[in-house]
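Trainee: No letters, just coordinates:
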């Protein structure tokens, strides 16, 4: 892990890094006196495009004394193009524009290879981040891609709690993995999410095997998560990571 | 309205009152310097039986500077018996014990007369409570019976926001009333509520006409609402009544 830039924002130290070929950003609370718990900020890919929302989430995490980090997804942003993933995304857009139903085949092609590639990268990032003296633990995962969050929660014992955003497609085979999740979950659902089947999101919430799970459903579309819903998610982490 | 007892609890002044023949309890924050917003505490009937949970909710409200009040439901607690309501309850219990589906006819008989009687009583209580110098406004309704909360939110313009507990039967005709609700709503759903149909609760949430509505679903049965869910409901009122 190599830091390549550093800037002080109000209350937060922001550092860009690379982990091998993977770009990432780490935010640590400026006022931290002890090693901070860490929140991995999930996102749909494109660190530059997502930056305004990521930095807002990182600042909110810092208010609770948490560090936060994001890495670029494979095939997104400045990372090498990934032909199969681009084909799957193109097929999805074509189907959506035609108003056709999204087949399980497309969802599998879109999400499963991404999960397979991204999860070990998040784990490698976790190794590197937890070796920093300013980062302690425990660790939470927050956001989408929800299938990545599910897989991480199942295979990575260092994840202690997760805020999952039910705003993206989930392959049917991952419902079985959802049953294996045992860490506390806080699931966000935008009731009118244009890129997400509401009934599937409710079925997924029902499937999670953990005993402490909460669903927060709010009005509006995919990007309309209200401020107070972000506050509630931060308090969930405060209960489980502090 | 006549006060019949008064005691100081930690941080709260508790006064029992009667409003005509209706018993009630008013809790006001001991530290209030200005007229306090008011939360009407809905409950399934039986003030004495419900007292431990009501006083806990009142104390939580007082922490946010809110007064809280509850009145006895018609036919419950020390109020005169109500033969038709008792018959409906007996029929419901018989059906539930036999494991039979609860018919719309029983739900209508159980809930509609209760709503018809209880809502004007809540409104009379509101008249009396808002005439007290220590109570200002705005006013919120919190709890069940959810059908009472729906009707109050529709017919009573002094209700500014409501926390509704989706834990009791709702007559089908009230879905139309739900569409007329326009105040901000915070709906609590216990995912495995033994006395509540989950899909009906989700359909009801979908039906509410208000633009700001949030669903908080938590694990467990009817009485298992976690402490953090109560906190979240109190913060909802803090956003809308302060």
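Mentor: Sure, I can see it. Values in this document were obtained by computation on a predicted structure and should not be read as measured data.

Trainee: hang on, residue A:46 packs against residue A:75?
Mentor: No. Judged on CB atoms under 8 Å, residue A:46 makes no contact with residue A:75 at a distance of 10.3 Å. All C-beta atoms are positioned from the backbone trio N, CA, C, and that covers glycine.

Trainee: Which one's more surrounded, these two?
Mentor: residue A:75 (20 against 14; other CB atoms under 10 Å in any protein chain shown).

Trainee: Show the contacting residues for that one.
Mentor: By CB atoms under 8 Å, 6 or more residues apart in numbering or on different chains, the residues touching residue A:75 are A:45, A:81-82, A:85-86, A:114.

Trainee: How is it assigned, secondary-structure-wise?
Mentor: When classified by DSSP: H, G, I helix; E, B strand; the rest coil, residue A:75 comes out as coil.

Trainee: Give me the longest helix you can find in chain A.
Mentor: Using DSSP state H, we find that the single longest helix of chain A is helix A:104-130.

Trainee: ok, which pair from the contacts of residue A:75 is furthest apart?
Mentor: The span of these, defined through CB to CB, is set by A:81 and A:114 at 13.9 Å.

Trainee: out of the two, which sits in the more crowded spot?
Mentor: A side-by-side neighbour count of residue A:81 and residue A:114, using other CB under 10 Å, places residue A:114 first with 24 against 8.

Trainee: Confirm for me that the more buried one is in contact with residue A:145.
Mentor: Yes. If you go by CB under 8 Å, residue A:114 and residue A:145 touch, sitting 6.7 Å apart.

Trainee: Show me which residues of the longest helix of chain A are buried.
Mentor: A:106-115, A:118-119, A:121-122, A:125-126, A:128-129 (16 or more other CB atoms under 10 Å in any protein chain shown).

Trainee: Give me the residues contacting the helix or strand just after that helix.
Mentor: Next helix or strand after helix A:104-130 toward the C-terminus (DSSP states H and E): strand A:135-143. Contact with strand A:135-143 is made by A:28, A:34-43, A:57, A:66-67, A:122, A:126, A:129-130, A:149, A:152-153, A:158-165, A:233, A:237, A:240-241, as judged by CB under 8 Å, 6+ apart.

Trainee: does any part of stretch A:232-240 sit near chain B?
Mentor: Yes. Contact of stretch A:232-240 with chain B (CB under 8 Å from any CB of the partner chain) involves A:232, A:235-236, A:239.

Trainee: Write out the residues of chain A neighbouring chain B.
Mentor: Residues of chain A lying near chain B (CB under 8 Å from any CB): A:191, A:202, A:205-206, A:211-219, A:228-229, A:231-232, A:235-236, A:239.

Trainee: again, only this time at 10 Å
Mentor: Applying CB under 10 Å from any CB of the partner chain, we find that chain A lies next to chain B at A:185-187, A:189, A:191, A:198-199, A:202, A:205-206, A:208, A:210-220, A:226-229, A:231-232, A:235-236, A:239.

Trainee: residues in contact with the residue most central in space within chain A?
Mentor: Centroid check for chain A by CA atoms, centre = their mean gives residue A:42 as the closest residue, at 1.8 Å. Applying CB atoms under 10 Å, 6 or more residues apart in numbering or on different chains to residue A:42 gives the contacts A:54, A:57, A:70-71, A:73, A:118, A:122, A:141-146, A:148-149, A:152, A:162-165, A:168.

Trainee: Can you tell me, leaving aside adjacent residues, what's nearest to it?
Mentor: Spatial nearest neighbour of residue A:42, excluding adjacent residues (CB to CB, 6 or more residues apart in numbering or on different chains): residue A:143 at 3.3 Å.

Trainee: Chain A: strands as residue ranges?
Mentor: With DSSP state E as the criterion, chain A has strands at A:2-9, A:12-19, A:22-29, A:36-41, A:67-71, A:135-143, A:159-165, A:185-190, A:213-218.

Trainee: nearest to residue A:98, of the ones you listed?
Mentor: Set against residue A:98 and scored by CB to CB, the strands of chain A come closest in strand A:185-190, at 23.5 Å.

Trainee: distance between the closest one and the chain's centre?
Mentor: Distance, stretch centre to chain centre, for strand A:185-190: 12 Å (CA atoms, centre = their mean, to the nearest Å).

Trainee: buried stuff in stretch A:32-44?
Mentor: A:32, A:36-44.

Trainee: what's the distance between residue A:106 and residue A:96?
Mentor: According to CB to CB, to the nearest Å, residue A:106 stands 10 Å off from residue A:96.

Trainee: ditto for residue A:130
Mentor: Distance check for residue A:130 against residue A:96: by CB to CB, it reads 39 Å.

Trainee: what about residue A:179, neighbour count?
Mentor: 13.

Trainee: For it, which residues are in contact?
Mentor: Contacts of residue A:179 (CB under 10 Å, 6+ apart): A:154, A:207-210.

Trainee: top of those by neighbour count?
Mentor: Highest neighbour count within the contacts of residue A:179: residue A:208, with 25 neighbours (other CB under 10 Å).

Trainee: just checking, that residue touches residue A:164?
Mentor: Yes. Assessed by CB atoms under 10 Å, residue A:208 is found in contact with residue A:164 at 8.6 Å.

Trainee: Need the residues touching each of the two.
Mentor: A:150, A:153, A:178, A:181, A:185, A:187, A:215.
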